[in-house]
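Participant: Below are the sequence and a predicted model for it; my questions follow.
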Amino acid sequence: MDTRGLHRTRTLVVVVAVLLLAGGCGSQGPDGPAAGTPDPGPVASLRIEGRAVPGRDGEMFTEGAVQEVALTDPAGRRVEPDRSDTDGHWAYVALPFGSYLLSARQRPCDGNCGTLDPPVDGCTTRLDLAGDTDVEIVFHVGDACEITAE
């Protein structure tokens, strides 16, 4: 075998070895997570929909407002949503079962929504997740918001 053929053979062996090793990294077999990966246990999805309604006398924020939510896990760490949009929808896909703290608030737009005023009209509740959960938050202008979980 000439040196070119030997070089090609060695290169092919190295490439195959790397692909075989990389194929096993972080993989999950049919029986669950790969060895060494902690099993989170049972998980739930959390879908949140927020909507703003006029205050008692029909008032609304002139320039609009941005709704915000904060979810804190049982260990006290903030959990970022897997998906969110500017229309008041947030989704958390795989939260381990447990007791979470959900806080919500509005931030009125100051001239435009590129600049926000301090938070107002907030509310907080504890969510005990033991399955997929849908939450509705109603933001009342001038009053605390209301959180309903199903």
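Facilitator: Now that the structure is in, tell me what you want to look at. Residues are numbered from 1 along each chain as shown.
Participant: Under the pLDDT cut-off, which ranges of this structure? List them.
Facilitator: 1-38, 40 (pLDDT under 70).
Participant: which residues does the residue nearest the centre of it contact?
Facilitator: The residue lying closest to the centre of the chain (C-alpha atoms, centre = their mean) is P81, at 1.5 Å. The contact partners of P81, by C-beta atoms under 8 Å, 6 or more residues apart in numbering, come to 48, 69, 71, 90-92. Using the backbone N, CA and C atoms, a C-beta is placed for each residue, glycine as well.
Participant: Can you tell me the SS state at it?
Facilitator: For P81, the assignment made with DSSP: H, G, I helix; E, B strand; the rest coil gives coil.
Participant: Please apply the same query to C113.
Facilitator: strand.
Participant: Make sure it is actually in contact with E63.
Facilitator: Yes - using C-beta atoms under 8 Å, C113 makes contact with E63 at a distance of 7.1 Å.
Participant: on that earlier part again, give me the phi and psi for the residue nearest to the centre of the chain.
Facilitator: Per-residue torsions, P81: phi -70, psi 150 (degrees, to the nearest 10).
Participant: Helix or strand: which one has the nearest residue to it once chain neighbours are set aside?
Facilitator: Once flanking residues are discounted, P81 sits nearest to W90: 4.4 Å by C-beta to C-beta, 6 or more residues apart in numbering. Counting by DSSP states H and E, the element that carries W90 is strand 89-96.
Participant: for whatever helix or strand comes next after that strand, packing partners?
Facilitator: Downstream of strand 89-96, the first helix or strand assigned by DSSP H and E is strand 98-110. Applying 3 or more C-beta pairs under 8 Å, 6 or more residues apart in numbering; DSSP states H and E, we find strand 98-110 packed against strand 43-53, strand 65-72, strand 112-116, strand 120-129, strand 133-140.
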